[in-house]
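[1] A predicted structure for the sequence below; I have some questions about it.
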Amino acid sequence: MASSSPQAGDIVSVTYSLKPNGDFVPESLIDDGSVRFVLDGGNYLPALHTLVSSMTVGETKKGVVMDAGYGEPREELIAKIPIASSGINKSDLSIGTELFLANGMACRVIDLDDENFTIDANHALAGSTYSADVTLESFESGPSAKKFEYHPEGVEGKFDVLTIALGCFWGGELEYMRVPGVVGTAVGYTQGQKEDPSYQEVCSGTTGHTEAIQVIFDPEIASYEELVKIGLERLGDSRYLVNQVGNDKGSQYRHGVYYHNFEQMQFAKAVIASYGDKCVTECMEATKFYKAEDYHQQYLLKGGQSAKKNAKETIRCYG
C-alpha cells in the first residue's frame, strides 16, 4: 500500500508563503508560491522538508514557525583567541572584522581587548524565523537508484540525472539551482578510486576524484543538452585548460560531463565538440558519486546568495 505521506527522494509539489518574524527582514533567497523539489534532497528550507514529510496530499498548515535556514546560534562556534598566537596584527582587528577559518568558514570579531579577540562563526541571521502557510499539493516518485548509475539503454522514469564537474562545485551548484525544471542538486566527488572520500582527501589530489555536481531535473522543462550547455558556458575559457578551472588547479578540479546512458553520451559529446578541438572537457561514463559533507551542500545559498529560479545576480564563488 502506497504511503499517504511523501518519503525521502520523492518529488513534492508544494504551495507555500513565507513571512519573516521579528526584525528578520532580508528578502527570501528561495522561491515561494508553487514549487517542486526532492524531499530531503537539499534546496529550500530544511524546516520545509521536515514539515512536508509529515503531511498528506491536500493538507494545509498555517502559521507554522519555520527556521529561516540559518540555524540556531551555537556556543561552540564562539571562541576567544589570544592575539599574540593568532598571527594577526591587532591593528587589523576591530569589532565586525570578517575573518576566515582554516576550513573556509567565515566568522566575525564580536569582542576585542588588548590581549584577546572573540570570534563568532554563527551566521549573522542565526535564530531568525519565518511564519509559513504550507499546502502539500501532490508528490511522485523521484529517480530510481538505477538512474544514478550507468545503463547504456537508459532507465525509465519521469525525472533524469545530470552529473557534471565544473571546478569548485559551490558556484556550479547554485547556477543549476536557478534553472527552471531542476528539482534537486547535490555536490560531491566522482570518477575516483577511493570509497567515500573526504573533502581533505579529494583536495590532496590522490584519490582520483573530481569535484562534481549532481542535478535532478524534469526533462520536459529543462533538457539534458541545455543543462550541459549551461555548464560549458559557465566554464568559459577554462574549457581549454587541463586540470584547471579559473585559479583552481589540480586533478580534483578537472572539468567533465559524466553520462548515465548512451543518449546522454551523444548529447554531451556533441555539446563539447561545439566548442572546438581545443576544448578539453572530459566526457566519460558516470561512476559512483559520493555526496560531499553537509557543510558543502547548497553552500552559496547558505552564504546569502539567491537560489530563485531565473535569478540573474552574479554568482560569487564564496559564502
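    Arrived safely. Numbering: from 1, shown residues only.
[2] I'd like the average pLDDT over the helix or strand where Phe37 lies.
    Using DSSP states H and E, Phe37 sits within strand 33-38. For strand 33-38, the per-residue pLDDT values average out at 97.
[3] with stretch 268-284 instead?
    pLDDT averaged over stretch 268-284 equals 98, rounded to a whole number.
[4] about what we covered before: which elements pack onto the strand holding Phe37?
    Helices and strands touching strand 33-38, by 3 or more C-beta pairs under 8 Å, 6 or more residues apart in numbering; DSSP states H and E, are strand 11-20, strand 182-190. C-betas here are computed from N, CA, C, even on glycine.
[5] can you add mean pLDDT, mean neighbour count and distance to Lys158 and give the ones you listed back as JSON lines?
    Formatted as JSON lines, the helices and strands packed on strand 33-38 follow (pLDDT from 0 to 100; neighbours: other C-beta atoms under 10 Å; distance: least, C-beta to C-beta, whole Å):
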{"stretch": "strand 11-20", "mean pLDDT": "95", "mean neighbour count": "19", "distance to Lys158": "8"}
{"stretch": "strand 182-190", "mean pLDDT": "98", "mean neighbour count": "24", "distance to Lys158": "10"}
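[6] same list (those strands) but as a markdown table, adding distance to Ala270.
    Supplementary listing: the helices and strands packed on strand 33-38 in a markdown table, determined by distance: least, C-beta to C-beta, whole Å:
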| stretch | distance to Ala270 |
| --- | --- |
| strand 11-20 | 28 |
| strand 182-190 | 21 |
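[7] nearest to Ser144, out of those?
    Set against Ser144 and scored by C-beta to C-beta, those come closest in strand 11-20, at 12.4 Å.
[8] gap between Gln298 and Gln193?
    To Gln193, Gln298 is 27 Å away according to C-beta to C-beta, to the nearest Å.
[9] these two: who's more crowded?
    With other C-beta atoms under 10 Å as the criterion, Gln298 and Gln193 differ in neighbour count, and Gln298 comes out ahead with 23 against 10.
[10] Cys107 versus the more buried one, what's the distance?
    For Gln298, the distance to Cys107 equals 20 Å [C-beta to C-beta].
[11] cool, Gln191 as well?
    When Gln191 is compared with Cys107 (using C-beta to C-beta), they lie 34 Å apart.
[12] more neighbours: the two, which one.
    Looking at Gln191 and Cys107 with other C-beta under 10 Å, you find the greater number of neighbours at Gln191, namely 22 against 18.
[13] list the contacts for that one?
    The contact partners of Gln191, taken as C-beta atoms under 8 Å, 6 or more residues apart in numbering, are Ala165, Gly208, His209, Thr210, Ala212, Gly256, Tyr258, Met284, Thr287.
[14] tell me the pLDDT at it?
    98.
[15] isn't Asn261 right up against Tyr150?
    Yes: with the criterion set as C-beta atoms under 8 Å, Asn261 and Tyr150 qualify as a contacting pair; they are 7.1 Å apart.
[16] tell me how this structure divides into domains.
    For the chain, whose domains are defined here by automatic domain parsing, the residue ranges read 11-70+128-138, 75-120, 143-302.
[17] and the second one, end to end?
    Across its full length, domain 75-120 reaches 9 Å end to end, with C-alpha to C-alpha, to the nearest Å as the criterion.
[18] quick one: the helices in the stretch 151-300 of the chain?
    For the stretch 151-300 of the chain, the helices identified by DSSP state H, counting those that start in this stretch occupy 169-177, 199-203, 224-235, 262-273, 299-302, in order along the chain.
[19] kindly reformat the domains of the chain as JSON lines containing distance to Lys309.
    Converted to JSON lines, the domains of the chain look like this (distance: least, C-beta to C-beta, whole Å):
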{"stretch": "domain 11-70+128-138", "distance to Lys309": "6"}
{"stretch": "domain 75-120", "distance to Lys309": "26"}
{"stretch": "domain 143-302", "distance to Lys309": "5"}
